[in-house]
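Peer 1: predicted model, plus sequence, below.
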Amino acid sequence: MTDRNVQRAAALDTATISDALDKLGIAGQCLGIKPRDYRFRMAGRAHTILYGPLDAARPGTVGDYIDALEPGTVVVLDNGGLEDATVWGDILTALAHRKGLAGTVIDGANRDTHLSIELGYPIFSRSYSMRTGKDRVQVDAEQVPVTIGQARVLPGDIVRGDADGVVVIARAREEEILDIAETIDRAEQAIRDLVDAGSTLAQARARLQYHTLQSK
C-alpha cells in the first residue's frame with residue numbers, strides 16, 4: 001500500500017521541511033545526526049528502539065528486532081548519543097538492505113560504515129567507531145518515544161534524511177507540516193525562476209514574500 005505522505009516527504013529536502021517546522025514552532029530537526037555518505041536519501045516511518053546501559057541483573061541484547069520489520073521502515077535507534085558503543089554494524093546493514101528498509105538513524109555510533117556505502121544503504125548517525133555495544137548497552141524498549149538529536153520521535157512518525165541531516169515529521173501534524181513545506185518549496189522555485197528570467201534576488205524575494213516563509 002502506498003503511503004502518500006511518505007512520498008510527499010521524499011519529494012522535499014530536509015532544509016525545506018526544517019523551515020516548515022520552524023514556522024510551526026516544532027523542534028523536529030535531529031541536531032548532530034549526519035549521513036555517512038552525502039548521497040544517502042531516506043524517507044519512511046519510524047520503528048523506534050531505546051537503549052540503556054547493560055543491566056547485569058536482567059541482561060538483554062543489542063537486539064533482534066530487525067526480523068519483524070517491513071520494507072520501507074526507518075529504524076530509529078536512541079543510544080543516548082554514545083560514540084563508543086555501536087549498536088549497528090555490517091550484519092544489520094546487509095539484512096536491512098536485503099529487506100528493503102528505508103534506512104537507519106542512530107543517536108550514537110554505527111560501525112562497518114564501508115558496507116553501507118558499498119550497498120547504498122542509508123545510515124545517519126552521530127558518529128562511527130569500531131567498538132561494539134555488546135556487553136555495554138542493551139535494548140530497554142521497542143516502539144516507544146525516543147530522542148534523536150534533541151528531537152522527539154514516536155513510532156510511525158515520518159523520518160526524512162538527506163545530505164544535510166535528518167528531520168522528523170510528527171504523525172499528529174504531518175498534513176500541516178507537509179502542506180507548509182510544499183508551499184515554501186513552490187515559493188523558492190518561483191524565486192529561482194524569476195532570477196533566471198532576469199529579476200534581481202531582492203525583487204524576487206519581495207514578490208514571493210520570502211522573508212515571511214519561515215516566520216511563525
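Peer 2: Right, received. Where do you want to start?
Peer 1: need the longest helix for the chain.
Peer 2: helix 174-196 (DSSP state H).
Peer 1: what are the boundaries of the helices in this structure?
Peer 2: According to DSSP H, the helices that the chain contains are 4-10, 14-24, 90-99, 113-119, 174-196, 201-207.
Peer 1: what is the neighbour count of Arg160?
Peer 2: Look at Arg160: counted by other CB atoms under 10 Å, it has 30 neighbours. Where you see a C-beta, it was placed from the backbone N, CA and C, and this is true even at glycine.
Peer 1: that should have said Leu69, apologies.
Peer 2: So Leu69, with other CB under 10 Å, has 16 neighbours.
Peer 1: next one: the one 3 residues further on
Peer 2: Around Gly72 sit 16 other residues, with neighbours defined as other CB under 10 Å.
Peer 1: who's in contact with it?
Peer 2: By CB atoms under 8 Å, 6 or more residues apart in numbering, Gly72 lies in contact with 3, 6, 44-45, 100-102.
Peer 1: Asp112: which of these is nearest?
Peer 2: Leu101 (15.9 Å; CB to CB).
Peer 1: not counting sequence-adjacent ones, nearest residue to that closest one?
Peer 2: Thr73 (5.2 Å; CB to CB, 6 or more residues apart in numbering).
Peer 1: residues near that neighbour, how many?
Peer 2: 21.
Peer 1: residues contacting it?
Peer 2: Here Thr73 is in contact with 44-47, 101-102 (CB under 8 Å, 6+ apart).
Peer 1: and if we set it to 6 Å?
Peer 2: 44, 47, 101 (CB atoms under 6 Å, 6 or more residues apart in numbering).
Peer 1: what bridges to the residue nearest to the second one when sequence neighbours are not counted?
Peer 2: In this case it means His47. Take His47 and drop its neighbours on the chain: the residue closest to it by CB to CB, 6+ apart is Thr73, 5.0 Å away. On the basis of DSSP bridges, Thr73 is bridged to Arg45.
Peer 1: could you list the low-confidence segments of the chain?
Peer 2: Within the chain, the stretches with pLDDT under 70 are 1, 208.
Peer 1: now do the contacts for the residue nearest the centre of it.
Peer 2: Centroid-nearest residue in the chain, with CA atoms, centre = their mean: Val166, separated by 3.7 Å. For Val166, the contacting residues are 30, 33, 105, 124, by CB under 6 Å, 6+ apart.
Peer 1: and the gap between it and Asn79?
Peer 2: From Val166 across to Asn79, the span is 15 Å (CB to CB, to the nearest Å).
Peer 1: just Arg152 next, same as before
Peer 2: Counting by CB to CB, the separation of Arg152 from Asn79 is 16 Å.
Peer 1: tell me how many other residues crowd the closest residue to Ile191 other than its chain neighbours.
Peer 2: Closest residue to Ile191 in three dimensions, ignoring its sequence neighbours and counting by CB to CB, 6+ apart: Ala204, at 4.5 Å. Ala204 is flanked by 21 other residues according to other CB under 10 Å.
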